[in-house]
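Enquirer: Here's a sequence, model it:
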Amino acid sequence: METFTASVKDVSVDFMPINGTDYLELYVSNAKQAAYFYKFAFGFQSLAYAGLETGLKDRESYVVSQDKIRLVLTSPLKSGTEIGKHIDKHGDGVKVSALWVDDAANAYSEAMKRGAKSYLKPEILEDNEGKVVRSGIHTYGEVVHIFIERKEYRGIFLPGYKPWNPEYKTEPVGLKYVDHMVGNVELGMMDEWVKFYEEVLGFKQILSFDDKDISTQYTALMSKVMSNGNGRIKFPINEPAAGLKKSQVDEYLEFYEGAGVQHIAVATDNIINTVTELKARGVEFLQIPGTYYDVLGERAGTIDEDIDVLRHLGILVDRDEEGYLLQIFTKTVQARPTMFFEVIQRKGATSFGKGNFKALFEAIEREQERRGTL
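Expert: Predicted structure coming up:
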């Protein structure tokens, strides 16, 4: 298990300002087919390409985007590569969570002096469209954060990529930005990584859930939510808790063979329209029992949406002191029962759907039971 040593304790100031999520890079077994899937099913648009045509010999990457979300889908072009070894061990999954910063060299320096493990020393990438500075550090499992400074770059994505404009295009489904990204870590490691994000990156813990909050008759987990200074980056971190049967985090850790990104939550301004379109394109969601909606009005209060429509689509609702949110979770999107997506619409709420945990986890358990892993 990875640990770190932090030498600087003062996190009273935001010593590492982060503007937002720059991109997420997934290592996948077939980037070309994965790009088609995310375009057709999730409404992403073709953006950029790097591979043999741009001088790369060992890998290729397709970049797809929707509003502020960018996914980089990368596959190896030969055997024996680090990318291939990653896929062989973990299956398809998130390798890079890239963070948009104003000064990538300074972000690296601040992280390193606070105990981070280096992944990429600051380097400059240049082409005719300008330059990008990037650097990187390791986090849980084999996930890395790359700091991206692009204030002097005018190109389509990054130096080394060319525009990708195939004839096939699809319409967006209304996805706007990455709301949060959830990591699963091994038993006993959640607090270690909470400490890492606090001391190395200057994040704050904004919420905490224990096994009393997140449990069913059979399984449980614990979670703490970390957020950066401006609140644009939120990383819930989960670890398993004792239960009668194998929890979803245990299942993830078994099939991913280690810690990693469990799900990516993407925001929309109209979840009813977005989910209706996603379902029409074949995206599968977890099924919520109809009884959940029988008392929804009492639990969530007055909402703008028609409860019968939410029942039909399987959309969950939860309220906090600031307002309410609507959310829904896909089934896993690759062969292994590991990573999935959440679609979320916030109407004032800043929480993460605590009131939905029981219904959600029971739905996940039904999928585990079908797989024979519960």
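Enquirer: Now the helix or strand containing E342: buried residues?
Expert: Using DSSP states H and E, E342 maps to strand 340-347. Neighbour counts over strand 340-347 (16 or more other CB atoms under 10 Å) mark F340, F341, E342, V343, I344, Q345, R346, K347 as buried. (C-beta placed from N, C-alpha, C; glycine too.)
Enquirer: Nearest to P159, out of the residues you listed: which one, please.
Expert: F341 (29.4 Å; CB to CB).
Enquirer: Contacts only, for that closest one.
Expert: F341 makes contact with F42, H263, I264, A265, V266, F329, T330, V333, according to CB atoms under 8 Å, 6 or more residues apart in numbering.
Enquirer: repeat for V94
Expert: Counted by CB under 8 Å, 6+ apart, V94 has contacts L24, E25, L26, V143, M181, G260, V261, I264, M339.
Enquirer: Looking at the residues you listed, which are in strands?
Expert: In this view, these that belong to strands under DSSP state E are L24, E25, L26, M181, G260, V261, I264.
Enquirer: If any of those residues are buried, give me the PyMOL selection for them.
Expert: The buried subset of the ones in strands among the contacts of V94, as determined by 16+ other CB under 10 Å, is captured in PyMOL by this line:
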select buried, resi 24+25+26+181+260+261+264
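Enquirer: so can I have TSV of the ones in strands among the contacts of V94 showing distance to I315?
Expert: Below are these laid out as TSV (distance: CB to CB, whole Å):
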residue	distance to I315
L24	24
E25	29
L26	26
M181	21
G260	27
V261	23
I264	18
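Enquirer: And the ones in strands among the contacts of V94, which is closest to S75?
Expert: Closest to S75, out of all of those and judged by CB to CB, is L26, at 9.7 Å.
Enquirer: wait, the closest one sits on R70?
Expert: No. Look at L26 against R70 with CB atoms under 8 Å: they stay out of range, at 11.3 Å.
Enquirer: and Y49, what helix or strand is that in?
Expert: Y49 belongs to strand 45-50 when assigned by DSSP H and E.
Enquirer: How about V72?
Expert: If you go by DSSP H and E, V72 is part of strand 69-76.
Enquirer: angle of that strand against strand 45-50?
Expert: Calculated by axes from the mean of the first three to the mean of the last three CA atoms, to 10 degrees, strand 69-76 forms an angle of 40 degrees with strand 45-50.
Enquirer: which helices and strands does strand 69-76 pack with?
Expert: Contacts defined by 3 or more CB pairs under 8 Å, 6 or more residues apart in numbering; DSSP states H and E place strand 69-76 against strand 20-27, helix 31-42, strand 59-66, helix 82-90, strand 175-184.
Enquirer: Give the partner strands of the helix or strand following the fourth one in its sheet and their orientations.
Expert: If I follow you right, that is helix 82-90. Later in the chain than helix 82-90, the nearest helix or strand by DSSP H and E is strand 93-100. Here strand 93-100 has these sheet partners by DSSP bridges: strand 20-27 (antiparallel), strand 144-149 (parallel).
Enquirer: Nearest to Q248, out of those?
Expert: Among these, the nearest to Q248 by CB to CB is strand 20-27 (20.1 Å).
Enquirer: picking that back up, quick one: closest of the helices and strands packed on strand 69-76 to F255.
Expert: Across the helices and strands packed on strand 69-76, the minimum distance to F255, taken as CB to CB, is reached by helix 82-90, at 8.8 Å.
Enquirer: Name the residues of the closest one that are buried.
Expert: By neighbour count with 16+ other CB under 10 Å, helix 82-90 contains the buried residues I83, G84, H86, I87, H90.
Enquirer: I'd like these written out as JSON lines, with distance to G314 added.
Expert: Shown next, in JSON lines, are the buried residues of helix 82-90 (distance: CB to CB, whole Å):
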{"residue": "I83", "distance to G314": "35"}
{"residue": "G84", "distance to G314": "37"}
{"residue": "H86", "distance to G314": "33"}
{"residue": "I87", "distance to G314": "31"}
{"residue": "H90", "distance to G314": "29"}
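Enquirer: Looking at the residues you listed, which is nearest A34?
Expert: With CB to CB as the yardstick, the closest approach to A34 among the buried residues of helix 82-90 comes from I87, at 11.3 Å.
Enquirer: My read is that the closest one contacts L26, right?
Expert: No. Counting by CB under 8 Å, I87 does not reach L26; the two are 9.9 Å apart.
Enquirer: So for I233, what's the nearest residue that isn't a sequence neighbour?
Expert: Using CB to CB, 6 or more residues apart in numbering and skipping residues adjacent in sequence, the residue nearest I233 is I18, 5.5 Å away.
Enquirer: Wait, the one you found touches W100, no?
Expert: Yes. In this structure, I18 is within contact of W100 by CB under 8 Å, at 6.9 Å.
Enquirer: Those two: which is more packed in?
Expert: I18 (22 against 19; other CB atoms under 10 Å).
Enquirer: helix or strand for that one, which one?
Expert: Counting by DSSP H and E, there is no helix or strand that carries I18.
Enquirer: and it, what is it in contact with?
Expert: Residues in contact with I18 (CB under 8 Å, 6+ apart) are L99, W100, V101, A107, N228, G229, N230, R232, I233.
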